[in-house]
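Asker: Any chance you could fold what I've pasted below:
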Amino acid sequence: MSKGIRKPVAYVVSGCSAIVQTLYLNGHNAALKILFFEMLKGSKLADAIPPWYSPVQPKPVYQDDKVTAYWDVPVFAEHLQVRANRVDARFVDRENREVMLIEMSCPWMDNRKQKEEEKTLKYAPLRLELKRQHPGYKIRQFNIVIDALGGYSRSLKEEVKTLVGSDRYREVLRRMQKAVLSHTLHIAKTFKVMC
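Answerer: Residues are numbered from 1 along each chain as shown. All right, here's what the predicted structure looks like:
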């Protein structure tokens, strides 16, 4: 693809601020909910996993005596001033004394590494706040970055393997790619009709 065509395409499928809160967010959430439901099932907080194309949306909170899972719920800071307090998903595992923050992003291909670094820096104060709220717990942030054309880094495989297990991670990543690609295609078709 020539650079002349590449820039407008990149802008339309992953950079237009006018559609961030609608079309991009839908694709982002469609991919993330696949991972979220897999983690819920692994934690025994859900019995079934909806298909990748399902319109089913997660509830804000799932809980039992061992794990609490949050979908798009802010953390209220008690000790520090935290501006970025709303990660995409969060699991508080009381049995293993661990808090896992999940942040999803679907940038253009050239911006994957930049987006990962941006997410890590953005939530540093929140990780510190959670360390104070959960003394003795391990606080881990997982940046799930799948670009608008379905690509991802090698390190993402290891992170997803950590989150869902070595027997399921490939299938989870495949379904997440399908969701991202499906929404990228939808955005491209929408703009084709408008032009």
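Asker: what kind of secondary structure is residue 90 in?
Answerer: strand (DSSP: H, G, I helix; E, B strand; the rest coil).
Asker: That one and residue 74 touch, don't they?
Answerer: No. Between residue 90 and residue 74 there is no contact under C-beta atoms under 8 Å: 9.9 Å. The C-beta positions use only the backbone N, C-alpha and C, and glycine is treated the same way.
Asker: Have a look at those two and say which one is more surrounded.
Answerer: The neighbour comparison of residue 90 against residue 74 (other C-beta atoms under 10 Å) goes to residue 90, with 23 against 13.
Asker: bridging residues for that one?
Answerer: residue 70, residue 101 (DSSP bridges).
Asker: Contact partners for it?
Answerer: When contacts are counted by C-beta atoms under 8 Å, 6 or more residues apart in numbering, residue 90 touches 69, 70, 73, 75, 99, 100, 101, 102.
Asker: most surrounded residue in the residues you listed?
Answerer: Ranking these using other C-beta under 10 Å puts residue 69 first, with 25 neighbours.
Asker: Thought residue 91 was touching that residue, still the case?
Answerer: Yes. In this structure, residue 69 is within contact of residue 91 by C-beta under 8 Å, at 5.1 Å.
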